[in-house]
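A.B. asks: What follows is a predicted structure for the sequence shown.
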Amino acid sequence: RGPENAQNAARDSWRMRIGRTLARWFWGTKTPTRERRTKLHLPIARDIASTSADLLFGEPPIFKIEEAEDHKAAQDRLDVLTGSHLRASLTEAAELAGGMGGIYLRICWDDQIRSHPWISPVHADAAVPEWRWDALWAVTFWKEIAVDGQRVVRHLERHERGRILHGLYEGSATNLGRAIDLDAYPETADLDPVVETG
């Protein structure tokens with residue numbers, strides 16, 4: 001027991017030294033004895049992203065359709081599509097873009113949630129874009145549905161001209177793996193493999 005206790009004490013001492021070193025690196029100079037710490041950790045990156053989003057979308061954007069034959073009906077429909085939820089989504093997207101450097105706006109439509117399509121922000125690190133020249137040609141969004149040890153199940157949602165493709169893949173942390181049936185998980189059971197959008 002003697003050598004084992006000595007090893008534990010040495011390990012604890014080492015951990016405390018590392019902890020003090022990291023604290024000094026983070027907080028700066030050591031606070032003198034009998035003096036209160038006056039330094040605060042401020043989440044400045046979050047505040048900068050939030051402030052830039054507020055500057056961009058402090059006032060809600062206004063969407064108008066130019067005069068046409070059915071101007072009133074078209075404007076009424078546009079007002080439904082760009083309701084209060086759009087401003088919240090754009091503000092969220094601007095905050096995420098400020099912190100991550102990019103964002104994707106995905107059009108969603110689920111008539112069990114809303115009677116019309118809406119825009120949902122997707123993190124840039126959950127998307128794989130395809131470019132043609134300087135234009136976005138297609139994008140594949142991915143989401144981990146289940147992780148069980150080395151086994152990872154991902155839902156891929158590919159948006160391309162005229163259609164959306166859904167696929168479910170079982171693989172590992174570093175390998176997409178093989179395609180499995182969408183019905184295998186409740187999160188994707190109600191999705192069609194191909195959605196024609198025209």
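C.D. replies: Perfect, thanks for sending it. In this text, all values refer to a predicted model and were calculated from it rather than measured experimentally. Numbers count the residues shown, from 1 in each chain.

A.B. asks: max-length strand in the chain?
C.D. replies: When the chain is parsed with DSSP state E, its longest strand is strand 135-148.

A.B. asks: Within its sheet, name the partner strands of it and how each one runs.
C.D. replies: Sheet partners assigned to strand 135-148 using DSSP bridges are listed as strand 127-132 (antiparallel), strand 151-160 (antiparallel).

A.B. asks: What residues does the residue nearest the centre of the chain make contact with?
C.D. replies: Nearest to the geometric centre of the chain sits H123, at 3.3 Å (Cα atoms, centre = their mean). With contact taken as Cβ atoms under 8 Å, 6 or more residues apart in numbering, H123 is in contact with L96, M100, I103, Y104. Heads up, the C-betas are built off the backbone N, CA and C, glycines and all.

A.B. asks: Disregarding residues adjacent in the polypeptide, which is nearest to the first one?
C.D. replies: So the one you mean is L96. Once flanking residues are discounted, L96 sits nearest to I103: 4.9 Å by Cβ to Cβ, 6 or more residues apart in numbering.

A.B. asks: Touching, the one you found and V122? I think so.
C.D. replies: Yes. The criterion here is Cβ atoms under 8 Å, and I103 meets it with V122 at 7.1 Å.

A.B. asks: just to revisit the earlier point, next, the residue nearest to L96: phi, psi?
C.D. replies: The phi/psi pair for I103 (degrees, to the nearest 10) reads phi -160, psi 150.

A.B. asks: Can you tell me who it pairs with across the strands?
C.D. replies: Bridge pairing for I103 - DSSP bridges - gives H123.

A.B. asks: Pull the number of nearby residues for it.
C.D. replies: 20 (other Cβ atoms under 10 Å).

A.B. asks: related to what we said a few turns ago, look up how far L191 lies from the residue nearest to the centre of the chain.
C.D. replies: Between H123 and L191 the distance is 20 Å, computed by Cβ to Cβ, to the nearest Å.

A.B. asks: ditto for D181
C.D. replies: D181 is 11 Å from L191, by Cβ to Cβ.

A.B. asks: okay, these two: which has more neighbours?
C.D. replies: Applying other Cβ under 10 Å to D181 and L191 shows that L191 carries more neighbours, namely 16 against 10.

A.B. asks: how about the nearest residue to that one, chain neighbours excluded?
C.D. replies: H166 (4.5 Å).

A.B. asks: My read is that the one you found contacts P193, right?
C.D. replies: Yes. Contact status for H166 versus P193: in contact at 5.7 Å, counting by Cβ under 8 Å.
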